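J.: got a structure for you, letters missing:
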């Protein structure tokens, strides 16, 4: 496929800015999804699925002959963070912003849709616009959708922009690429009483103090090690902010993070054992939130991306260790596809993901449309084949 024209790049950049103005957080992406579906229809998609796993959208572009299915995935959701940039297109929604770059990821795939006006030689391309990536709920819901078997790919590719790395550099890593993680919410119930008679109540204070010390000590190893584990205390609440009541309730929140799903299973068992050991006189409930599987990048899919990046003379960074942050793309590979996530530099001095002044670099839109188009041509055969 040939690259985007200057006119197409300008239109895509404007669309990215329009999306940036109106971010929708996980599970609320209805207007964003409607706009994406409208664009895909205008670009001649052969089939469009709406409402996948919530507000997800997928589009099919058929090749001339039968062959494999290649899926490209991006994300629909923004973040519950107030944007502080001075861009003319900054968020118009108080307390919400596209501060992870999902607006740019979406438009990059729409760039691919522009180029798919000339279909591949074989197979089909699925462009998936996934909901609720930030909470780890979206991919699971999409895969659970009864229409997913109509979409299920043989190969799957996605990318995330990475501030701190040179603009446009392609980071590659076969094997573990992103950590598994999950949020552990521990609710502790004792018995409140008058502050003058603490002996007549059951306070969670001692158990909370013990758990706040013990849970972080479950961390082991360093990133890149199969035994790596990290437990980060993120929230603690004991009773009410008064002076007359000895508390009867408490809450702890901890984020668990591991290199592999198997290590996560072991870490969960260890964390649950600590809760049981330290709360003999309390009623406890443990709830799990924001569950992300590890991203394990397929060797063949990663090699395909490498060949295309080399052919296009892109700078390649062989990542020595995985990313410590999590990504919902792990479930796509876990569903049987040969999947890989690309880690694309957003600029060495670029604001970090989830910073209030973050903004996606528009120069990546045509660059990633070209790279993904090259991946399609290599996997399915170029139109000239």
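T.: Yep, it's here. Predicted model, so just to flag it, every value in this text is computed and none were measured.
J.: From here on, just use CA atoms for contacts and neighbour counts.
T.: Noted.
J.: how about the nearest residue to residue 218 once chain neighbours are set aside, phi and psi?
T.: Leaving aside its sequence neighbours, residue 218 sits nearest to residue 231 (CA to CA, 6 or more residues apart in numbering; 6.6 Å). For residue 231, the backbone dihedrals (degrees, to the nearest 10) come out as phi -120, psi 110.
J.: Verify the stated contact: residue 231 with residue 216.
T.: Yes: between residue 231 and residue 216 there is a contact at 4.8 Å, judged by CA atoms under 8 Å.
J.: ok, the two, which is more surrounded?
T.: The residue with more neighbours, out of residue 231 and residue 216, is residue 231; 23 against 18, by other CA atoms under 10 Å.
J.: mind listing what that one touches?
T.: Taking CA atoms under 8 Å, 6 or more residues apart in numbering as the criterion, residue 231 is in contact with 215-219, 254-257.
J.: circling back: so the residue nearest to residue 218 bridges to which residues?
T.: Residue 231 forms beta bridges with residue 256, as assigned by DSSP bridges.
J.: where's it relative to residue 264, distance?
T.: Distance of residue 231 to residue 264, computed by CA to CA, to the nearest Å: 11 Å.
J.: Could you do residue 334 as well?
T.: 15 Å.
J.: One more: residue 382?
T.: In terms of CA to CA, residue 382 sits 41 Å off from residue 264.
J.: who's more crowded, these two?
T.: Neighbour count, other CA under 10 Å: between residue 382 and residue 264, residue 264 has more, with 24 against 19.
J.: Quick check: that one touching residue 180?
T.: Yes: assessed by CA under 8 Å, residue 264 is found in contact with residue 180 at 7.0 Å.
J.: who's in contact with the lowest-mean-pLDDT helix or strand in the chain?
T.: Confidence across the helices and strands of the chain bottoms out at helix 330-334, with a mean of 92, counting by mean pLDDT, DSSP states H and E. Helix 330-334 has contacts (CA under 8 Å, 6+ apart) with 139-140, 143, 156, 292-298, 339-340.
J.: next SSE after that helix?
T.: Counting by DSSP states H and E, the element after helix 330-334 in chain order, helix or strand, is strand 338-345.
J.: Can you tell me the strand partners of that following strand and which way each runs?
T.: Each strand paired with strand 338-345, and its direction, by DSSP bridges: strand 155-162 (parallel), strand 170-172 (antiparallel).
J.: for the record, mean pLDDT for it?
T.: Taken as a whole, strand 338-345 has a mean pLDDT of 98.
J.: From the recorded domain assignment, give the ranges for the chain.
T.: 6-175+294-380, 180-292 (automatic domain parsing).
J.: Deepest-packed of those, please.
T.: domain 6-175+294-380 (a mean of 20; mean count of other CA atoms under 10 Å).
J.: Okay, now stretch 351-358: how far is its last residue from its first?
T.: The straight-line separation of the ends of stretch 351-358 (CA to CA) is 5 Å.
J.: Tell me how far it lies from the chain's centre.
T.: Put simply, stretch 351-358 sits 16 Å off its chain's centre (CA atoms, centre = their mean, to the nearest Å).
J.: Now tell me what touches that stretch from outside.
T.: 79, 81-85, 99-101, 162-164, 350, 359.
J.: for those residues, which one is nearest residue 366?
T.: Using CA to CA, residue 101 comes nearest to residue 366 of the contacts of stretch 351-358, at 14.8 Å.
J.: Return the distance of that closest one relative to residue 323.
T.: 17 Å.
J.: Then residue 69?
T.: Distance from residue 69 to residue 323, by CA to CA: 28 Å.
J.: now residue 86
T.: Residue 86 sits 30 Å away from residue 323, taking CA to CA as the criterion.
J.: that older thread, using a markdown table, lay out the strands paired with strand 338-345 together with distance to residue 305 and mean pLDDT.
T.: Converted to a markdown table, the strands paired with strand 338-345 look like this (distance: least, CA to CA, whole Å; pLDDT from 0 to 100):
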| stretch | distance to residue 305 | mean pLDDT |
| --- | --- | --- |
| strand 155-162 | 9 | 98 |
| strand 170-172 | 8 | 98 |
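J.: Let me know which of these is the nearest to residue 277.
T.: Taking the strands paired with strand 338-345 one by one with CA to CA, strand 155-162 is closest: 40.6 Å.
J.: Show me where the chain has its helices.
T.: With DSSP state H, the ranges of helices along the chain come out as 6-21, 30-42, 102-115, 138-144, 205-214, 261-278, 299-311, 330-334, 364-380.
J.: Can you tell me which of the ones you listed has the worst average pLDDT?
T.: Mean pLDDT per stretch puts helix 330-334 lowest among the helices of the chain, at a mean of 92.
J.: Give me the distance from that helix to the chain's centre.
T.: Here the centre of helix 330-334 is set off from its chain's centre by 12 Å, with CA atoms, centre = their mean.
J.: Stretch 66-82 now?
T.: With CA atoms, centre = their mean, you get 9 Å for stretch 66-82.
J.: Stretch 32-45 too?
T.: Centroid separation between stretch 32-45 and its chain, computed with CA atoms, centre = their mean, is 22 Å.
J.: contacting residues around that stretch?
T.: 19, 23-24, 48, 50, 55-57, 59-61, 76, 110, 113-114, 117, 129.
J.: Mind doing that once more with 6 Å?
T.: Residues outside stretch 32-45 that contact it (CA atoms under 6 Å, 6 or more residues apart in numbering): 59-61.
J.: So which of those is the closest to residue 202?
T.: Once CA to CA is applied, the member of the contacts of stretch 32-45 that ends up nearest residue 202 is residue 59, at 57.0 Å.
J.: what bridges to that closest one?
T.: residue 48, residue 127.
J.: before we move on, what about the one 10 residues further on?
T.: According to DSSP bridges, residue 124 are recorded as the beta-bridge partners of residue 69.
J.: Name all residues that make contact with it.
T.: 123-125, 153-154.
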